[in-house]
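# attaching a predicted model along with its sequence, questions to come.
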Amino acid sequence: MTAIAEIDATVVAEPAPAPAAAPEAEAPPRDILIICYSGELEKTWATMILATTGAAMGAKVRVFLTFWGLQTFVKDSKRITGTNVMQKMMSGMQRPGISHRKLSKMNFLGMGPWMMRKLAKQYNVASPKELLEVAQAMGVEFMPCQMTMDMFGLKREDMIDGLGEPVGAATVIALLQGGDAPLFI
Amino acid sequence: MTAIAEIDATVVAEPAPAPAAAPEAEAPPRDILIICYSGELEKTWATMILATTGAAMGAKVRVFLTFWGLQTFVKDSKRITGTNVMQKMMSGMQRPGISHRKLSKMNFLGMGPWMMRKLAKQYNVASPKELLEVAQAMGVEFMPCQMTMDMFGLKREDMIDGLGEPVGAATVIALLQGGDAPLFI
Amino acid sequence: MTAIAEIDATVVAEPAPAPAAAPEAEAPPRDILIICYSGELEKTWATMILATTGAAMGAKVRVFLTFWGLQTFVKDSKRITGTNVMQKMMSGMQRPGISHRKLSKMNFLGMGPWMMRKLAKQYNVASPKELLEVAQAMGVEFMPCQMTMDMFGLKREDMIDGLGEPVGAATVIALLQGGDAPLFI
């Protein structure tokens, strides 16, 4: 069973949303804007589950990657990033990449994230990495924050494939003004 | 003085919102969707204050309970939850229930939360548990996340009374698309 | 180069938002409501960058200051705030003021925030304090939370100049119902 099939199955298996939740007849459904700010495992998961579910339901989903949230989208194979000593130290203190996310609490030298990933597998919840692949395949747009890339010395080749052009806060503001439903995660 | 009367008094005592904040004449007031993701004491408080104030003002408020936020809605009397060893360990490491929330910082072996609760009492701010009862009495809808229940091995009888049916991310997405004002807390 | 000029330069230098982000022809651009809940350095930065960028783009931006987020707007010169022993202890445990924000992680006895501030300077990102001055000059409205002021024993003279009248959750709810784009940071 592919990861996409799994997601579809999850979406389909869910109870239907309450009628009260249906978009108003006259208003078009809103696009969704996730500001992915945090680099924690659980929040990465929340972002990916909402993004893939949204895309599966036909919503336009954009994810703005900023601060710690951008670290998640560095290639898993990268160990040290940045062009100066401070940037290298910061990446060294906290390993980037989606497969190296830590829980916000209960890390216990890695036991917490390990248990969480194991429980997820047992209950057929896809990993953040699988969900990311699904999201990209389904057209979720990932927009890296230019300022964060500059501050951490991240280069395009440090990042996973398939991200959009780096953008800034002005893009976020325009989407907010235009009526996107925003989530700061 | 009952808890509900206290809330009403709080709401009434507040300065009126600025005129600029009034709903546009033609647009109906938006429903409010709180994604209650965090299990920390202060964030539980923020969720409950916004939910009860919204309900007191006639807004439709829905609260989606997910990840650590769902732990808050386990019965206070439950000590260990889950059906397998890992789930039991995770609940053991962090006691569930609304009366056992911790601050995100300054815990100092429980002194921080104790001081915060004492200050709140002194200034007539209702406790999260009181606010929860008020919210339920006022028709705030609490929707547990099915996936979180599965991952933590939580059963309906582990949870407090009055919660709605477990739902999934699709319900959240439909509400976002339909124009609810979302807060990820 | 003044701080305001720097912000303008930043905004102008950004790639233009995608056309899909443009406000719908018929709907007026939404106001932006930031609920500034967290007192961490990075989140203060995120709040200030979004607020100043929004204001530079002509958006009406309101920032509701609550819980730890309100501590950021205590005068930098204040060391201990509050009127009773517990309030004084809480301020003593965590120094208020925008120049004393700490990172959410990697503090390492202050080295993390120091490096972050240094990197920001190197890449011409204004400090939170500079951004705050710009935001105030540009008409961003800062609204302190009355309940938080009461609980922490904060008085108007403890706070920086230029804040609005303290308001409560009812103001936030009215703005949400009225269609503001909300960010809980």
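Okay, I see it. Numbers count the residues shown, from 1 in each chain, chains lettered A, B, ... in the order given.
# point out where chain A drops to low pLDDT.
For chain A, the stretches with pLDDT under 70 are A:1-26, A:93, A:104-112, A:115.
# which positions in it make contact with chain C?
Counting by Cβ under 8 Å from any Cβ of the partner chain, the residues of chain A close to chain C are A:28, A:31, A:35, A:37, A:60, A:66-68, A:86-87, A:89-90, A:93-94, A:146-147, A:150-152, A:165-180, A:182, A:184. No exception for glycine: its C-beta is placed from N, CA and C like everyone else's.
# for PyMOL, write the selection for the buried entries among these.
Applied in PyMOL, the following selects the buried portion of these according to 16 or more other Cβ atoms under 10 Å in any protein chain shown:
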select buried, chain A and resi 31+35+37+60+66+67+68+86+87+89+90+146+147+150+151+152+166+167+168+169+170+171+172+173+174+175+176+177+178+179+180+182+184
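# chain B next: which of the residues of chain A next to chain C are close?
A:182, A:184.
# who are the packing partners of the lengthiest helix in chain A?
Longest helix of chain A, by residue count under DSSP state H: helix A:41-56. Helices and strands touching helix A:41-56, by 3 or more Cβ pairs under 8 Å, 6 or more residues apart in numbering or on different chains; DSSP states H and E, are helix A:3-13, strand A:32-36, strand A:61-65, helix A:68-71, helix A:111-122, helix A:128-137, helix B:169-177.
# so what's the residue count around A:I49?
Using other Cβ atoms under 10 Å in any protein chain shown, A:I49 has 24 neighbouring residues.
# could you find the closest non-adjacent residue to it?
B:A169 (5.2 Å; Cβ to Cβ, 6 or more residues apart in numbering or on different chains).
# A:L154 too?
Closest to A:L154 by Cβ to Cβ, 6+ apart is A:T81, at 5.7 Å.
# do A:L33 as well
A:D180 (4.0 Å).
# contacting residues for that neighbour?
Taking Cβ atoms under 8 Å, 6 or more residues apart in numbering or on different chains as the contact definition, A:D180 lies against A:30-33, A:62, C:21, C:181.
# quick check: the gap between the closest residue in space to A:Q87 that isn't next to it in sequence and A:A174.
Leaving aside its chain neighbours, A:Q87 sits nearest to A:G153 (3.8 Å; criterion: Cβ to Cβ, 6+ apart). Here the criterion is Cβ to Cβ, to the nearest Å. By it, A:G153 lies 27 Å from A:A174.
# against A:F73, how distant is the residue nearest to A:L154?
Applying Cβ to Cβ to A:T81 and A:F73 gives a distance of 12 Å.
# since we're on A:G139, how many residues are nearby?
Under the neighbour criterion other Cβ under 10 Å, A:G139 is assigned a count of 9.
# same check on the one 5 residues further on?
For A:P144, the number of neighbouring residues by other Cβ under 10 Å comes to 22.
# same question, A:N84
A:N84: 11 neighbours (other Cβ under 10 Å).
# wait, what's in contact with it?
Listed by Cβ under 8 Å, 6+ apart, the contact set of A:N84 reads A:G153.
# burial check on A:Q71, number of neighbours?
Neighbour count for A:Q71, taken as other Cβ under 10 Å: 24.
# with A:A55 instead?
Neighbours of A:A55 (other Cβ under 10 Å): 23.
# surely the residue nearest to A:I49 meets A:T47?
No - using Cβ atoms under 8 Å, B:A169 is not in contact with A:T47; the gap is 10.9 Å.
# hmm, C:E42 and A:F67 touching each other?
Yes - contact criterion Cβ under 8 Å: A:F67 and C:E42 qualify, at 5.3 Å.
# and A:L33, how far from B:M89?
From A:L33 to B:M89 the distance is 37 Å (Cβ to Cβ).
# ugh, wrong one, A:S127
Taking Cβ to Cβ as the measure, A:S127 falls 21 Å from B:M89.
# what do you get for A:I173?
Plainly put, A:I173 is 44 Å away from B:M89 if you go by Cβ to Cβ.
# repeat for A:E133
For A:E133, the distance to B:M89 equals 30 Å [Cβ to Cβ].
# try A:R79
As for A:R79, its distance to B:M89 is 31 Å (criterion: Cβ to Cβ).
# neighbours of the closest residue to A:K121 other than its chain neighbours, how many?
Nearest residue to A:K121, sequence neighbours excluded (Cβ to Cβ, 6+ apart): A:S127, at 7.6 Å. Neighbourhood size, A:S127 [other Cβ under 10 Å]: 18.
# so who does A:S127 touch?
Applying Cβ under 8 Å, 6+ apart, the residues contacting A:S127 are A:117, A:120-121.
# quick check, nearest of those residues to chain C?
A:R117 (20.6 Å; Cβ to the nearest Cβ).
# for that closest one, give me its contacts.
Contacts of A:R117 were listed using Cβ under 8 Å, 6+ apart, and they are A:S127.
# could you do A:L103 as well?
Contacts of A:L103 were listed using Cβ under 8 Å, 6+ apart, and they are A:40-42, A:112-113, A:116.
# so how far is A:T81 from A:E157?
Distance of A:E157 to A:T81, computed by Cβ to Cβ: 10 Å.
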